[in-house]
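# Okay, predicted coordinates and the sequence, questions at the end:
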Amino acid sequence: MKLLFDNTENAFSLKSDAELERAYFLFKLIANEPLVRIGTAVTNFALKAQLPVEGLIRATVFDHFCGGTSEADCLSVIDKMHQKGVSSVLDYSVEGAEEELVYDECFERVGALLEFVKAKKSIPFAVFKPTGYGRISLYEKVSQNQPLNDSESHEWNRVKRRFTATCKKANELGVMLLIDAEESWIQPAVDDLTEQMMALYNRDRTLVFNTFQMYRWDRLEYMKNALQRAHKKGYYVGVKLVRGAYMEKENERAKSMGYPSPICESKVATDVNYNAGIDFCMEHLERLDFFAGTHNEASTHYVLQKMKTMNLPNNDPRIWFGQLYGMSDHISYNLSTKGYQVAKYLPFGPVKDVMPYLIRRAEENTSVAGQTNRELELIRTERKRRKIN
């Protein structure tokens, strides 16, 4: 299987020589933590000062990690990937202020996105982030079962209406919907809302997916309990399995507030927990659909081994693999050549508004040195194969 992921000709078949060189430059930059910190500070300053840097950002980091500034702008990328058997998950990656107007705009945008997705076979999923629909502090209060005043109750009802209307529209259009995970202190409210949506709209098929961050040691137990509740109430469970995105924030908060960290004690423990999640999902496919969101070759290989042992076809409709656009092409495109179901998360939005997402991508890659080094190793191999100096 290692040879499957080592095929750089497949992995970078959509990249021109110039795009490959850009990727090489970006990952070399990301591998240097001080440069990432300096570059982040300079970029933020330049954007706030309204300096003319958007063109440079668009031509480099934006075009590598994002599909475009709008849905239509992403179409050429979507179509090219689909020709190689890789689907897209369009992700409107704009992070707005905590205002009702912004939440309404996000809700409307996701609704329009559902219509757009419905018309494209190459986009099987839509996605939204719960904090795009309501205030973090409100989710936190609901998660802790604290009483809400009248104003907060009305506000929470608006959040629930946005969730319900989005899932209802996804159901009417037949579009699968991924609901992103949030920080541990607001996730209980997200879980409750998402389970309510599954109970409403996952009756005949899996349409709504919750996201399980497996760097949290408690998520496997929650997943097991969620499936038991689904069995009792007669609906299907959608599971998007990821490692997680808020580790430093989670550990710092736990330390400052004096409670046990919800994060696994080590990367090894996280890997074990993630693979335990794979085991659980694969053992319950009669009631569960599974989206393996991972850039980890070993975990991907583990799913493939399980599928082979269970005599499942490569294109089993209940099993998807997912990676972020601009990363782990060696996994995405080499899986697609073997007929597995693969979808790339394709972020889009105005350049300035998507910068927080891009900065997180750079910081996360910097903190996972092995992954960045693997990207560089594969790009070097392909440059050598193409005889690029």
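Received, thanks.

# where along the stretch 201-350 of the chain do the strands fall?
For the stretch 201-350 of the chain, applying DSSP state E, counting those that start in this stretch gives strands covering 208-213, 237-242, 288-293, 319-324, 342-348.

# With distance to Pro356 and mean pLDDT added, can I get those in CSV?
C-beta coordinates here come from the backbone N, C-alpha and C atoms, glycine included. Formatted as CSV, the strands of the stretch 201-350 of the chain follow (distance: least, CB to CB, whole Å; pLDDT from 0 to 100):
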stretch, distance to Pro356, mean pLDDT
strand 208-213, 19, 98
strand 237-242, 19, 98
strand 288-293, 20, 97
strand 319-324, 15, 97
strand 342-348, 11, 95
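
# Could you check the pLDDT of Ser87?
pLDDT, Ser87: 98.

# Tell me how many other residues crowd it.
Ser87 has 22 neighbouring residues, counting by other CB atoms under 10 Å.

# Against which helices or strands is the strand or helix carrying it packed?
Element membership for Ser87 (DSSP states H and E) is strand 86-92. Other elements packing on strand 86-92 under the criterion 3 or more CB pairs under 8 Å, 6 or more residues apart in numbering; DSSP states H and E are helix 75-83, helix 100-118, strand 125-128, helix 329-336, strand 342-348.

# how about 10 Å then?
In terms of contacts (3 or more CB pairs under 10 Å, 6 or more residues apart in numbering; DSSP states H and E), strand 86-92 is packed against helix 75-83, helix 100-118, strand 125-128, strand 176-179, strand 319-324, helix 329-336, strand 342-348, helix 351-367.

# which one of these has the lowest average pLDDT?
helix 351-367 - the lowest mean pLDDT of the helices and strands packed on strand 86-92, at a mean of 71.

# Quick check: next helix or strand after that one?
Following helix 351-367 toward the C-terminus (DSSP H and E): helix 369-386.

# could you say what helices and strands that following helix packs with?
So helix 369-386, by 3+ CB pairs under 10 Å, 6+ apart, packs with helix 8-11, helix 17-30, helix 329-336, helix 351-367.

# of all the ones you listed, which lies closest to Gly85?
Between Gly85 and these, the tightest spacing by CB to CB is seen for helix 329-336, at 3.5 Å.

# quick one, that closest one and helix 75-83 angle?
Helix 329-336 and helix 75-83 are oriented at 50 degrees to each other (axes from the mean of the first three to the mean of the last three CA atoms, to 10 degrees).

# got the CA positions of helix 329-336 in CSV?
The C-alpha trace of helix 329-336 is given here as CSV (Å, rounded to 0.1, in the frame of the first residue of the first chain):
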residue,chain,number,x,y,z
ASP,A,329,-2.8,14.9,-3.0
HIS,A,330,-0.8,11.7,-2.8
ILE,A,331,-3.6,10.2,-0.7
SER,A,332,-6.6,11.7,-2.6
TYR,A,333,-5.6,11.0,-6.2
ASN,A,334,-4.0,7.7,-5.6
LEU,A,335,-7.2,6.5,-3.8
SER,A,336,-9.4,7.8,-6.7
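
# Okay, now the unreliable bits of this structure?
1-2, 34-36, 38-39, 42, 44-47, 95-97, 360-369, 389 (pLDDT under 70).

# follow-up on the earlier one: can you tell me the strand partners of the strand holding Ser87 and which way each runs?
strand 125-128 (parallel), strand 342-348 (parallel) (DSSP bridges).

# next structured bit after the shortest one?
Scanning forward in sequence from strand 125-128 by DSSP H and E, the next helix or strand is helix 136-143.

# Mind giving me the packing neighbours of whatever helix or strand comes next after that next one?
Per DSSP H and E, the first helix or strand lying C-terminal to helix 136-143 is helix 150-173. With contacts taken as 3+ CB pairs under 10 Å, 6+ apart, helix 150-173 sits against helix 100-118, strand 125-128, helix 136-143, strand 176-179, helix 187-201, strand 208-213.

# rewinding a little: single out the most deeply packed of the helices and strands packed on helix 369-386.
helix 329-336 (a mean of 24; mean count of other CB atoms under 10 Å).

# just checking, what packs against that one?
On a contact count with 3+ CB pairs under 10 Å, 6+ apart, helix 329-336 meets helix 2-5, helix 8-11, helix 75-83, strand 86-92, helix 297-309, strand 319-324, strand 342-348, helix 369-386.

# hmm, 8 Å instead?
Checked by 3+ CB pairs under 8 Å, 6+ apart, helix 329-336 has helix 2-5, helix 8-11, strand 86-92, helix 297-309, strand 319-324, strand 342-348 packed alongside it.
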